[in-house]
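> Sequence first, then the predicted structure, then my questions.
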Amino acid sequence: MKMQWILICALVFALITAVFAVINVEPVQVNFMFSQTHTPLILVILTSTLLGGVIVGLFGMIRQYKLQRKLRQLEKQLQEALTPAVIEQNGSETQPKETNNSLNL
């Protein structure tokens, strides 16, 4: 249900941004540190919105990656912590089988 609300809010925001951009089509002067340009305001608004969305999306993906990595690390720690408890509970420790690939003649 939460994802549906996020999607609805994103669509409403996109609609408001599109209407606002279409209303403002006159050219404006955009000043960069090294130059100036005259660009229609609609392009400035849409480009800014798009770049903002991409930046937020990248931060979200980075956060998701870090959380997944932390989850794997904690699952590994939990597995390592549970392994001795299972061995103690069973009362015996099983040794890994040794394999000998040399020929015994």
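Here it is on my side, so go on. Numbering: from 1, shown residues only.
> quick one: low-confidence parts of this structure?
In the predicted model of the chain, residues 85-86, 91-105 satisfy pLDDT under 70.
> max-length helix in it?
Ordering each helix of the chain by length in residues (DSSP state H) puts helix 41-90 first.
> and it, what does it pack onto?
With contacts defined as 3 or more C-beta pairs under 8 Å, 6 or more residues apart in numbering; DSSP states H and E, the packing partners of helix 41-90 are helix 2-23, strand 27-31. All C-beta atoms are positioned from the backbone trio N, CA, C, and that covers glycine.
> and residue 17, how far is that from residue 51?
13 Å (C-beta to C-beta, to the nearest Å).
> more crowded one of those two?
Higher neighbour count among residue 17 and residue 51: residue 17, with 17 against 10, using other C-beta atoms under 10 Å.
> one step back: the helices and strands packed on helix 41-90: which one's closest to residue 64?
With C-beta to C-beta as the criterion, residue 64 lies closest to helix 2-23 of the helices and strands packed on helix 41-90, at 14.1 Å.
> May I see the buried residues of that closest one?
Under the neighbour-count criterion of 16 or more other C-beta atoms under 10 Å, helix 2-23 has 17, 21 buried.
> got it, and stretch 75-84?
In stretch 75-84, counting by 16+ other C-beta under 10 Å, buried: nothing.
> Quick check: residue 36 touching residue 28?
No - checked against C-beta atoms under 8 Å, the pair residue 36 and residue 28 is beyond contact range at 10.7 Å.
> tally of neighbours for residue 40?
14.
> swap in residue 1?
5.
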